[in-house]
Structures are given as structure tokens and as C-alpha cells.
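Take this sequence and fold it.
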Amino acid sequence: MHKIVSAVVLTTLASSLAVAYPAHAAPKAPAAVVKEAPLRGHLSFLASDALEGRGTGQRGGELTVAYLEAQALAAGLKPANGTSFRQEVKIAGVRPLPQQSNVAIVAGGQALPLNFGADWVWAPGDAKPEHSMDAELVFVGYGITAPEEGWNDYKGLDAKGKILVMTVNDPAPTAAEPKRFNGAGLTFYGRWTYKLQEAARQGAAGVLLIHTDASASYGWSVVQNSWAAAERFQLADADLGTGMQGWLTDAAARKLFAAAGQDLDKLRAAAEDKAFKPVTLNARVKGETRAAIRTLSEYNVAGVVPGTDPKLKDEVVIYSAHWDHMGKQGTEGDTIFNGAVDNASGTAGLLAMAQEASRNPAKRSQMFLWVAAEEQGLLGSAAYAARPLWPAAKTAANLNLDSLNFVGEAKDIGVQGSERTDLGAMAAATAKAMGLTVAPAKPDLAGGYFRSDHFSFAKAGIPAFSVGGGSAWVRDVEANNAKAKAYRARYHQVNDEYDPSWDLTGMVQQAQFTLNLGRMVADSPTMPKWKAGDAFGKIRAAAK
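So this is what the prediction gives:
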């Protein structure tokens with residue numbers, strides 16, 4: 001059977017990397033070989049019903065943190081936060097109470113027949129339990145202000161006290177401007193999280209985002225599970241959002257615009273032009289909303305393998321993965337969102353990597369960081385970036401793992417996002433040394449670079465990306481393509497469950513690549529840098 005990483009490749013990794021990328025030549029070192037048995041053992045437990053879907057603010061989350069603490073200690077890691085493996089993340093929990101609320105969208109003088117959950121969802125973004133609303137609705141196109149693009153969807157609008165209706169994603173490229181907003185790829189301006197933040201900066205009373213499967217890159221059921229069926233969370237000590245944040249189905253939006261005397265398709269088309277101006281709708285949000293609010297503490301878990309070099313040990317490479325999923329929801333049928341692929345796999349992979357790294361320290365220190373509440377908007381990694389356990393200026397890179405390859409062994413590895421920094425060349429050298437190819441870059445249509453925890457590090461100026469799995473299968477190509485495609489229907493659903501029959505060679509491969517790349521960064525004489533002209537400055541400005 002073909003081995004994922006042969007002993008020959010591992011023992012010659014350092015010299016191969018030196019040839020392929022001499023400026024970051026890695027020293028000879030004992031091979032740190034990620035093993036399948038511990039990875040599978042951690043995965044099966046983390047994805048089991050015993051941890052109840054690892055929900056934020058739930059018992060399963062508490063059990064997960066305790067498990068990670070114990071396993072970090074057993075792996076030989078040193079506590080990263082003084083004498084503790086834990087870093088507190090203060091969170092506000094928000095659960096909308098639609099049955100106790102009396103709120104409606106009134107258009108053309110009539111309340112629209114919209115059902116909470118089926119047609120629209122909302123929650124307070126300011127963690128307040130009650131809101132009385134009588135707010136005008138205004139369509140603001142994409143809801144973007146991007147000076148470097150000459151774009152302002154708020155031109156001439158005083159948004160104070162208004163509910164803003166907007167589309168997700170960002171303007172499409174044109175023949176005249178093929179590179180605007182990163183061409184076919186999505187920028188941070190296209191993420192709904194940016195749109196909520198910008199609306200708050202504009203003083204709006206609320207935001208309603210129009211959902212389509214294509215624009216969101218997932219179905220309405222994902223929105224329902226995250227907004228209607230579950231408690232939502234935000235950092236308790238971060239900037240507050242608007243009083244109403246929510247989504248409309250495309251069908252509901254069409255009803256709204258028609259009742260308000262507008263054509264949604266025509267307005268969408270108009271919003272593609274930078275000359276677009278906000279359009280006031282003959283509609284209002286009226287009534288009272290109520291929500292249950294609580295404050296709680298969640299925890300990032302972090303352990304360190306100290307470096308061996310007298311000077312470089314003061315710098316660190318951070319490997320990260322989020323431990324949370326969506327926990328228990330509902331009272332009937334299968335109520336546990338086990339999150340086996342997303343992200344028990346990355347959590348388990350990091351544990352298996354830590355076990356080997358502690359036996360094979362590098363010149364720089366290496367931190368293994370399991371972050372909380374990623375599913376709630378990258379909250380754990382955002383909290384870490386705001387109060388890092390290691391100075392950002394001395395953090396060489398962040399390599400993140402989110403949803404590992406459960407399909408099977410591949411001939412390639414995904415490194416999209418690494419090209420923004422020196423990590424791109426280092427990733428290519430690492431892949432070559434392992435006998436892998438780098439998966440071809442594709443337009444980032446879903447904004448993946450802005451949707452996982454590495455983005456919190458990138459905003460802090462740290463070179464960062466998420467290591468992806470391959471898709472050029474070594475064997476069973478047709479069956480494996482079908483297996484990979486079938487996962488889309490399980491994403492954020494109760495049937496994202498661990499299957500003991502899974503071939504974990506792809507997971508081991510992905511974890512091994514990440515550890516090898518991290519080792520290269522850890523042993524390099526200089527830290528990676530952002531490439532000149534990269535959009536990082538724009539990312540940081542947009543995400544401010």
C-alpha cells in the first residue's frame with residue numbers, strides 16, 4: 001500500500017526544502033511522524049454523542065475543554081497562559097424569542113405574512129433583551145464602502161435609525177473593470193460579517209441580508225440552524241452591533257420589494273454600478289422584539305512546545321483549529337450536531353500533531369491552539385488576536401486546520417491563501433518534499449479566506465492561512481469524488497457524524513503537511529512576510 005509520507009521523504013525533508021527554498025532552509029531533525037491511531041481515537045471521541053456536539057455555552061463544550069486540557073498535558077505541551085492551558089473568552093449569548101415578540105415587516109400598508117425561521121430570522125446584535133421598532137427600510141445594494149474601489153453604497157444616506165436591506169457578496173467584475181473587488185474571487189467586503197459591522201458604523205438600527213444559496217454558498221437550512229434553532233453569541237467586550245440583525249429568504253425579499261412597489265431584480269442590477277444610490281422602500285419594521293440574554297465564559301486551549309534556539313525560541317509558530325460545533329438543538333429526533341468533519345477532524349489532527357512536535361522541538365517555539373466559538377463568528381480566535389498569549393510581532397505564522405480530508409489519500413494539498421505571503425513558496429517546497437503537488441488555485445468564490453480562524457491572525461498582521469485537503473485522489477477517483485460531494489448536504493447538519501469505516505490517510509496527510517510546513521517556518525532564520533501589493537492592507541482596513 002502506498003504510504004502517505006514515506007520514511008525516506010521524512011528523513012530527507014530538511015535537505016529537500018533547503019534546495020527548493022534556500023532562504024528558509026530547514027535543519028536536519030528527527031522526523032515528527034503524525035500517526036493515524038491517536039488521530040482516529042481523538043476524532044471518534046470528539047465527534048461522539050458524549051460531547052453533545054461541542055456547543056458553545058453548553059455542557060458538551062465544557063467537557064471538550066476539559067478533554068483538550070488533559071490531552072495537551074499528556075502530549076507534553078507546556079501551558080501557554082502562565083500555569084494554565086486555558087484562555088478565557090467572555091461571550092454574550094443571545095436567543096431570539098419570536099413567540100414572545102410582536103414584530104412584522106409592513107409594506108404598502110400591509111403586514112407581510114412572514115414566518116420566523118421559514119421566511120426570515122433575526123436577533124439583536126447589541127445583546128439587549130428588548131427593542132421597540134418603527135424603522136424605515138432602505139435598500140443599500142451590497143452595503144459596502146470601499147474608498148480604494150471608489151465604491152460607496154451609502155452615498156447621500158443618513159442611516160441612523162433605519163433598517164438596511166442588502167445583498168451578500170460584492171460587485172461582480174466587468175469587462176471594463178475585470179479586477180474590481182478581486183475579480184471573480186470574494187473580498188472581505190462580501191462577507192456578511194463585514195456588512196453587519198459597516199451598518200453599525202453607519203448608525204443603522206438594523207440589517208436584513210437577502211439569502212440565496214448561490215450568494216451565501218449554503219442553503220437556507222444552514223441559516224435556520226444558526227439563527228432560528230440555536231442560541232447566537234458575540235464577544236461580550238467587543239463593539240456592539242445593531243438592534244436587529246437577520247436574513248430574508250429570496251422569496252420573502254421578493255414579496256417585500258413587490259409590496260413596496262419595487263422590482264428586486266432591477267435594483268440588484270442597479271447595485272452593480274458604483275453610481276448606485278440607496279433606495280428607500282415603502283416599508284417599515286414595526287413592533288417589539290424580545291430575546292433571552294446571558295453572559296458566559298468559554299475557553300481557548302493553548303499549549304506550547306518551547307523552542308531550542310537561544311534567540312529564536314522567543315518567537316512562535318501557531319497551529320490552530322476550532323473545537324466547537326453547534327451542540328444540541330431541539331427536543332425531537334436527533335438533536336446533536338456532532339460536527340465530525342467540522343471540526344472534530346481539525347481538533348483531533350492538532351492533538352496528534354502536538355504529540356509528535358513535543359518529541360521533536362524546533363528552533364522556534366510552537367503553539368497548539370484550540371479556539372472556541374468559531375461557528376459564532378470566529379470569536380475565540382478574535383479574542384486571542386485581541387489579547388495574544390504570545391506577542392504578535394514575535395509570531396511567525398498561523399497555520400489553521402478546519403475540516404480535514406475524510407475521503408482518502410490525495411496526490412495534492414490545498415494551500416490557497418498562502419500565496420499572500422512567503423508561506424506560499426514554503427508550502428510549495430514542503431509539498432514537493434512530500435511528493436505532493438499544490439492544488440491549483442481557484443477564484444475564492446465563497447470568501448473562504450475570510451471564514452476561518454486564520455483570518456483573525458491575518459487581521460493582526462500575522463502571515464496565516466488554512467491548510468486544505470487534496471482532491472486528486474490516489475485511488476477510487478469516482479467513488480471519492482462522490483463522497484466529497486455528498487458532504488455538502490451534511491455541512492452543519494445532524495448527520496455530520498464520524499464513520500469508523502473512514503479512510504483517514506487523507507487526514508494524516510493533511511496534518512503531516514501542516515506540521516512539516518510549521519517546522520520549516522520554525523527553523524527558518526527569518527520570519528515569513530506579507531507580499532508587497534497584497535490585499536492585506538485592504539483586508540485590515542475593511543475589517544477595522
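
per-residue confidence for the most far-flung residue of the chain relative to its centre?
Relative to the C-alpha centroid of the chain, counting by Cα atoms, centre = their mean, Gly109 is the outermost residue, at 40.6 Å. In this model, Gly109 is scored at 90, pLDDT.

Tell me the spacing between it and Asp263.
For Gly109, the distance to Asp263 equals 19 Å [Cβ to Cβ, to the nearest Å]. Placement of C-beta: from N, CA and C, glycine included.

before we move on, what about Glu478?
44 Å.

what about these two, which has more around it?
Applying other Cβ atoms under 10 Å to Glu478 and Asp263 shows that Asp263 carries more neighbours, namely 12 against 8.

which residues of the stretch 151-300 of the chain fall in helices?
Residue ranges of the helices in the stretch 151-300 of the chain, as given by DSSP state H, counting those that start in this stretch, are 192-201, 213-216, 220-223, 250-259, 264-270.

So which residues make contact with the third one?
The contact list for helix 220-223, computed with Cβ atoms under 8 Å, 6 or more residues apart in numbering, reads Val121, His211, Asp213, Ala216, Trp247, Thr249, Tyr491, His492, Gln493.

Buried members of those residues into PyMOL, please.
Selecting the buried subset of those in PyMOL, with 16 or more other Cβ atoms under 10 Å as the burial test, is done by:
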select buried, resi 121+211+216+247+249+491+492+493
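
circling back: tell me which of the helices of the stretch 151-300 of the chain lies nearest to Glu88.
Glu88 lies closest, by Cβ to Cβ, to one member of the helices of the stretch 151-300 of the chain: helix 192-201, at 22.7 Å.

So which bits of that closest one are buried?
By 16+ other Cβ under 10 Å, the buried positions in helix 192-201 come out as Trp192, Thr193, Tyr194, Lys195, Leu196, Gln197, Glu198, Ala199, Ala200.

Over to stretch 232-242?
Arg232, Phe233, Gln234, Leu235, Ala236, Gly241, Thr242.

Count the neighbours of Asn102 for me.
11.

Does it touch Lys286 like I think?
No: at 9.1 Å, Asn102 does not count as touching Lys286 under the criterion of Cβ atoms under 8 Å.

Find the nearest non-adjacent residue to Gly161, please.
Nearest residue to Gly161 in three dimensions, chain neighbours excluded: Ala205, at 5.1 Å (Cβ to Cβ, 6 or more residues apart in numbering).

Surely that neighbour touches Ala135?
Yes: counting by Cβ under 8 Å, Ala135 is a contact partner of Ala205 at 4.7 Å.

Between those two, which contacts overlap?
With Cβ under 8 Å, 6+ apart as the test, Ala205 and Ala135 both reach Gly161, Lys162, Ile163.

Select from the residues you listed the entry with the lowest predicted confidence.
When these are compared, Gly161 shows the smallest pLDDT, 95.

so what's it up against?
Ala135, Glu136, Gly203, Ala204, Ala205.

And for Ala216?
Val168, Trp192, Val222, Val223.

Next, count neighbours for the third one.
Close neighbours of Val222, defined as other Cβ under 10 Å, add up to 16.

got it, and the one 3 residues further on?
Burial of Asn225, expressed as a neighbour count using other Cβ under 10 Å, amounts to 18.

I'd guessed it sits against Asp496; true?
No: assessed by Cβ under 8 Å, Asn225 is found out of contact with Asp496, at 11.2 Å.

Find residues that contact each of these two.
Listed contacts common to Asn225 and Asp496 are Phe337; contacts here mean Cβ under 8 Å, 6+ apart.

Please identify which helix or strand holds Val121.
strand 120-123 (DSSP states H and E).

that older thread, where does the residue nearest to Gly161 land on pLDDT?
pLDDT for Ala205: 97.

how far away is it from Gln262?
Counting by Cβ to Cβ, the gap between Ala205 and Gln262 amounts to 20 Å.

Would you mind telling me which of the two has the busier surroundings?
Ala205 (21 against 18).

That one and Ala425: what is the separation?
According to Cβ to Cβ, Ala205 and Ala425 sit 48 Å apart.

Neighbour-wise, which one of the contacts of Gly161 leads?
The most crowded member of these, judged by other Cβ under 10 Å, is Ala204 (26 neighbours).

Just list the residues touching that one, thanks.
Ala159, Lys160, Gly161, Lys162, Ile163, Leu164, Thr242.

Recalculate using a threshold of 7 Å.
Residues in contact with Ala204, defined by Cβ atoms under 7 Å, 6 or more residues apart in numbering, are Ala159, Lys162, Leu164, Thr242.

Val140 is in contact with the third one, correct?
Yes: with contact defined as Cβ atoms under 7 Å, Leu164 reaches Val140; the gap is 4.9 Å.

buried sites along stretch 438-445?
By neighbour count on 16+ other Cβ under 10 Å, the buried set for stretch 438-445 is Val438, Ala439, Asp444.

Narrow those residues to those in strands?
Val438 (DSSP state E).

ok, the buried residues of stretch 438-445 vs Phe337, which is closest?
Nearest to Phe337 out of the buried residues of stretch 438-445 is Asp444 (Cβ to Cβ; 26.2 Å).

contacting residues around the closest residue to Ala80 other than its chain neighbours?
Using Cβ to Cβ, 6+ apart and skipping residues adjacent in sequence, the residue nearest Ala80 is Ala302, 3.6 Å away. Ala302 sits next to Ala80, Asn81, Phe85, Gln87, Met367, Phe368, Leu369, Leu389 when contact means Cβ under 7 Å, 6+ apart.

Export those to TSV and append columns for secondary structure.
Below are these laid out as TSV (DSSP: H, G, I helix; E, B strand; the rest coil):
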residue	secondary structure
Ala80	coil
Asn81	strand
Phe85	coil
Gln87	strand
Met367	strand
Phe368	strand
Leu369	strand
Leu389	coil
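
can you list those residues in TSV and add neighbour count, distance to Ala433 and pLDDT?
Below are the contacts of Ala302 laid out as TSV (neighbours: other Cβ atoms under 10 Å; distance: Cβ to Cβ, whole Å; pLDDT from 0 to 100):
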residue	neighbour count	distance to Ala433	pLDDT
Ala80	23	29	98
Asn81	16	34	98
Phe85	25	32	98
Gln87	21	34	98
Met367	25	24	98
Phe368	28	22	98
Leu369	27	25	98
Leu389	18	31	98
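
Mind putting those residues into a markdown table with distance to Val508?
What follows is the contacts of Ala302, written out as a markdown table (distance: Cβ to Cβ, whole Å):
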| residue | distance to Val508 |
| --- | --- |
| Ala80 | 25 |
| Asn81 | 29 |
| Phe85 | 25 |
| Gln87 | 28 |
| Met367 | 21 |
| Phe368 | 17 |
| Leu369 | 21 |
| Leu389 | 28 |
